[in-house]
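Peer 1: Pasted the sequence and its predicted model underneath.
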Amino acid sequence: MNTFDRYAPFIQEYIYRNRWDDLRTVQNEACTLLMDTEDHVIIASGTASGKTEAAFFPVLTLLCNAPSASVSVLYISPLRALINDQFERLDLLLRDSHIPVCAWHGESSRSARAKVLAKPEGIVQITPESLEALVTDHPEQAAVLFADLRFVMIDELHAMAGTDRGLQLQCLLTRLERISGCLPRRIGLSATLQDYAQAAKWLGAGSSRNVSCAGLTASSRKLSLALEVFENDADKWEFLYRQVYRRKCLIFTNSRNGAEEAVHRLREIAAVRCEPDIFHLHHGSLSKELRRETELAMKSSSGPVVTAATMTLELGIDIGDLDCIVQIGPPASVSGFVQRLGRSGRRSGRSRMLFLEEQADNGNGGPDSLPWDFLQTCSVILLYLEERWIEPFVSRPKPFSLLAHQTLAALKNTTGLRPAALARTVLTLPAFSEAITAEEYQQLLRHMLEKDYLERMEDGTLIIGLEGEKYASSYEFYSVFKDTASWTVRWEDRILGTLEECPQGDTAFVLSGRSWQVTYADKGSHTIYVKPALAGVMPRRFGRTGDVHSQIVGRIRKILEEDTIYPFLGPAAGQYLREIRKNWNSNPSHDQMILPDGPESFWFCPWSGSRETETLRRLLTIGMMKKYYGPDKEEAADQKETSGENPAVLYPVRVDGDRFVLHIRTDRGIQRYQDQAADFAAEL
């Protein structure tokens, strides 16, 4: 029997109604694994390749054949917007079935949640944070809702695995199994996976089931890539306008301000030319209403439409087929590049992506003056084209902050637990079972007792302490991320979005691609009321870019040593690379890690990723000062730090730097310091 014939009648009707010619390979493979085995299943296939249908078609068929006595599918997504998008798609799919679907998160309907609580059935779509709140605060409801849960579906698996949020989700799945008494199968969906064994280990953590994978066949979609560089901003924006104006495009930037500037500049050009404004924005500081308007415009428009976005549109929200993707600035990761690239070419079979970079002064050709952004872009492209390499998952080896969090979660809504029982409950969760020893947990418990996060009763039972109660009763408790306090921006009766700080004086600012003037700031409610302005500046934002893997930096070094002019480079970009290599090779010290910079400072280039370089910066700041000044100075500095004084008086050393290069200054001679810096780096 072929795959189509195995599907439930309402799914066959859905396929007919949408005029599908055939099923894709990943859908055939997933059907076999889900209907003929009891395995957990990873469905790994490119963006817009039919992964969602590959998972839901066989799952819904199985549920039609053998209905569940409770909620049957728990769909977990990293984004509420993705849940809302999938809700609409599932609603269309399920219109001819009797399977209800309920979106369960902070913005969803309370009446819908009440309905599924009264009659647990169908599909529940939820974020990890909302699942944490449900399992921790209402375990009795969770036990009823999921008493006969058959499947847990985790969308955008690559965005979860290897992160603190992913570890939290692993704990939640095990806690849910303990509460409900059932062992559902897990399905992970991902567009970008490199190490399938590692992904399988993550998905199956805490479970005895085997993990199988569908969709391992390489994509047949062709690629069209181009990298252009510009000497000034004006040329870059004019070029970009010509490239996107008559197309349906996504412009990705590495920051919210970058997206704001792109739309602001493109709208200015359109106004000068008296051409329509087809430009939209999508990032985390915009209100959900504005983001939703952008998603609908991209999905429903039959004509040209252009949106500048951050990673909020990197994941699988359906916005239809795109003509081209533009990346301004370097992609932080190969994974992100592949995810963004896959957004285009669904109809044509060719994914197109244009990269834009600005020329930077190449200085003396040493590591301190290299145009790292341009080289990073080249490296990311080459690693994927040459090796199909994607960053592996890297989990925190000792997740103590999550361990403290799950300890409080285990004690919440209880009368307390004795230490041994608490350890059996918490240390057996998959995030900790192999990472944390009993002795380390004892140390953490002692620390939490000292800081009043826990309290010991007379009989030895542990309960949540005063400080722990403050944290556990706050909204922040359900997320492993710490939210930044923000100001809500309002124009008339409309919420535009948020700012991380209130503009000072009469400064106008840019939000949603337009300029605004503050008319009133309500400090009590953290609300800024605005009116349109002629011009404004970009507001300060305090987010950080993603970590850059050491493999990317290593490929940069190889780029400098090669003489190939890569086919994706435009004429100006190719000439720029020639100049970079010429300056690099003409500098006799270019291959050294330690480069003098005057009598009291030097550059240190470890040729490692941004996370490793930042670790070195911190350790060199502390460790080198210990080595250079000795233990007596260290003790004295500790005393001064405790008293609130600046230890820099004793430690006249400063380590600055960006992602890949450190600048170390000292008011003493640097020769001995240089030698010890290299030794210390080697030790690390």
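Peer 2: That came through, no problem.
Peer 1: Count the neighbours of Arg494 for me.
Peer 2: The number of residues packed near Arg494 is 10, by other C-beta atoms under 10 Å. Just so you know, the C-beta spots here come from the backbone N, C-alpha and C atoms, and that holds for glycine as well.
Peer 1: Also the one 10 residues further on?
Peer 2: Neighbour count for Gln504, taken as other C-beta under 10 Å: 8.
Peer 1: So it: helix, strand or coil?
Peer 2: Gln504 carries the three-state label coil when classified by DSSP: H, G, I helix; E, B strand; the rest coil.
Peer 1: With Ile664 instead?
Peer 2: Using three-state DSSP, the structure places Ile664 in strand.
Peer 1: Neighbours of Lys236, how many?
Peer 2: Number of residues near Lys236 (other C-beta under 10 Å) recorded here: 19.
Peer 1: do Leu82 as well
Peer 2: With other C-beta under 10 Å as criterion, Leu82 counts 21.
Peer 1: host element of it?
Peer 2: Following DSSP states H and E, one finds Leu82 within helix 80-93.
Peer 1: what about the strands in the stretch 551-684 of the chain?
Peer 2: For the stretch 551-684 of the chain, the strands defined by DSSP state E, counting those that start in this stretch occupy 594-596, 601-604, 653-657, 662-666.
Peer 1: Going by mean pLDDT, which of those comes out lowest?
Peer 2: Lowest mean pLDDT within the strands of the stretch 551-684 of the chain: strand 653-657, a mean of 62.
Peer 1: ok, back up a step: which strands and helices sit next to the helix or strand that the helix holding Leu82 is followed by?
Peer 2: Per DSSP H and E, the first helix or strand lying C-terminal to helix 80-93 is strand 101-104. Applying 3 or more C-beta pairs under 8 Å, 6 or more residues apart in numbering; DSSP states H and E, one finds that strand 101-104 contacts helix 80-93, helix 110-118, strand 123-126.
Peer 1: Need the contact partners of strand 101-104.
Peer 2: By C-beta atoms under 8 Å, 6 or more residues apart in numbering, the residues outside strand 101-104 that reach it are 83-84, 87, 90-91, 94, 108-109, 112-113, 115-116, 122-126, 130, 134.
Peer 1: Name only those of these that count as buried.
Peer 2: Among the contacts of strand 101-104, those buried by neighbour count (16 or more other C-beta atoms under 10 Å) are 83-84, 87, 90, 94, 108, 112-113, 116, 122-126, 130, 134.
Peer 1: Show the contacting residues for the residue nearest to Arg246 when sequence neighbours are not counted.
Peer 2: Among residues not flanking Arg246 along the chain, Pro304 sits closest, at 5.2 Å (C-beta to C-beta, 6 or more residues apart in numbering). When contacts are counted by C-beta under 8 Å, 6+ apart, Pro304 touches Val244, Tyr245, Arg246, Arg247, Lys248, Ile278.
Peer 1: Roughly how far does the fourth one sit from Ile317?
Peer 2: Yep, that's Arg247 we're talking about. Arg247 sits 19 Å away from Ile317, taking C-beta to C-beta, to the nearest Å as the criterion.
Peer 1: Kindly report the same for Ala69.
Peer 2: Taken as C-beta to C-beta, the span from Ala69 to Ile317 is 33 Å.
Peer 1: Among those two, which residue is more densely surrounded?
Peer 2: Neighbour totals were compared for Ala69 and Ile317, and Ile317 leads with 21 against 10 (other C-beta under 10 Å).
Peer 1: Wait, the more buried one touches Asp85, no?
Peer 2: Yes. Using C-beta atoms under 8 Å, Ile317 is in contact with Asp85, at 4.7 Å.
Peer 1: the helices in the stretch 1-150 of the chain, which residues?
Peer 2: 3-6, 9-17, 25-36, 51-65, 80-93, 110-118, 128-137, 139-145 (DSSP state H, counting those that start in this stretch).
Peer 1: of all the ones you listed, which lies closest to Pro397?
Peer 2: Closest to Pro397 of the helices of the stretch 1-150 of the chain is helix 128-137 (C-beta to C-beta; 21.1 Å).
Peer 1: for the stretch 251-400 of the chain, which spans come out with low pLDDT?
Peer 2: Judged against pLDDT under 70, the low-scoring parts of the stretch 251-400 of the chain cover residues 316, 362-365.
Peer 1: can you give me the helices in it?
Peer 2: 256-272, 288-300, 334-341, 372-387, 400-411.
Peer 1: can I get those helices in JSON lines with distance to Val59?
Peer 2: Listed next are the helices of the stretch 251-400 of the chain as JSON lines, based on distance: least, C-beta to C-beta, whole Å:
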{"stretch": "helix 256-272", "distance to Val59": "36"}
{"stretch": "helix 288-300", "distance to Val59": "25"}
{"stretch": "helix 334-341", "distance to Val59": "24"}
{"stretch": "helix 372-387", "distance to Val59": "32"}
{"stretch": "helix 400-411", "distance to Val59": "29"}
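Peer 1: which one of these has the most crowded surroundings?
Peer 2: Ranked by mean neighbour count, these are led by helix 334-341 with a mean of 24 (mean count of other C-beta atoms under 10 Å).
Peer 1: got the angle for it vs helix 372-387?
Peer 2: Interaxial angle, helix 334-341 versus helix 372-387 (axes from the mean of the first three to the mean of the last three C-alpha atoms, to 10 degrees): 80 degrees.
Peer 1: Output helix 334-341 as CSV, nothing but the C-alphas.
Peer 2: Presented in CSV, the C-alpha positions along helix 334-341 are these (Å, rounded to 0.1, in the frame of the first residue of the first chain):
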residue,chain,number,x,y,z
VAL,A,334,26.2,28.4,9.2
SER,A,335,23.0,27.0,10.7
GLY,A,336,21.3,30.4,10.5
PHE,A,337,22.6,30.9,7.0
VAL,A,338,21.1,27.6,5.8
GLN,A,339,17.8,28.3,7.6
ARG,A,340,17.5,31.7,5.9
LEU,A,341,18.6,30.4,2.5
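Peer 1: element containing Tyr529, please.
Peer 2: strand 527-532.
Peer 1: Let me know the helix or strand that the residue positioned nearest the centre of the chain is in.
Peer 2: When C-alpha atoms, centre = their mean is applied to the chain, the residue found nearest the centroid is Ala159 (5.7 Å). Counting by DSSP H and E, the element that carries Ala159 is helix 157-160.
Peer 1: Which other helices and strands does that helix contact?
Peer 2: strand 185-190, helix 196-203.
Peer 1: next one: the first one to chain centre, how far?
Peer 2: The chain centroid and the centroid of strand 185-190 are separated by 18 Å under C-alpha atoms, centre = their mean, to the nearest Å.
Peer 1: And stretch 593-610, by the same measure?
Peer 2: 31 Å.
Peer 1: And for stretch 45-65?
Peer 2: Centre to centre, stretch against its chain (C-alpha atoms, centre = their mean), the figure for stretch 45-65 is 24 Å.
Peer 1: Same check on stretch 506-525?
Peer 2: 28 Å.
Peer 1: pLDDT (mean, whole number) over it?
Peer 2: 83.
Peer 1: Flag the shaky bits of this structure, pLDDT-wise.
Peer 2: Residue ranges of the chain with pLDDT under 70: 48, 217-220, 316, 362-365, 480-485, 541-545, 623-658, 666-684.
Peer 1: so what are the domain limits for it?
Peer 2: Domain ranges of the chain: 3-214, 222-387, 400-478, 487-532, 592-683, per automatic domain parsing.
Peer 1: would you turn those domains into JSON lines with distance to Tyr576?
Peer 2: Listed next are the domains of the chain as JSON lines, based on distance: least, C-beta to C-beta, whole Å:
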{"stretch": "domain 3-214", "distance to Tyr576": "29"}
{"stretch": "domain 222-387", "distance to Tyr576": "5"}
{"stretch": "domain 400-478", "distance to Tyr576": "43"}
{"stretch": "domain 487-532", "distance to Tyr576": "30"}
{"stretch": "domain 592-683", "distance to Tyr576": "19"}
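Peer 1: Looking at those domains, which is nearest to Arg578?
Peer 2: Counting by C-beta to C-beta, Arg578 lies closest to domain 222-387 out of those; the figure is 10.9 Å.
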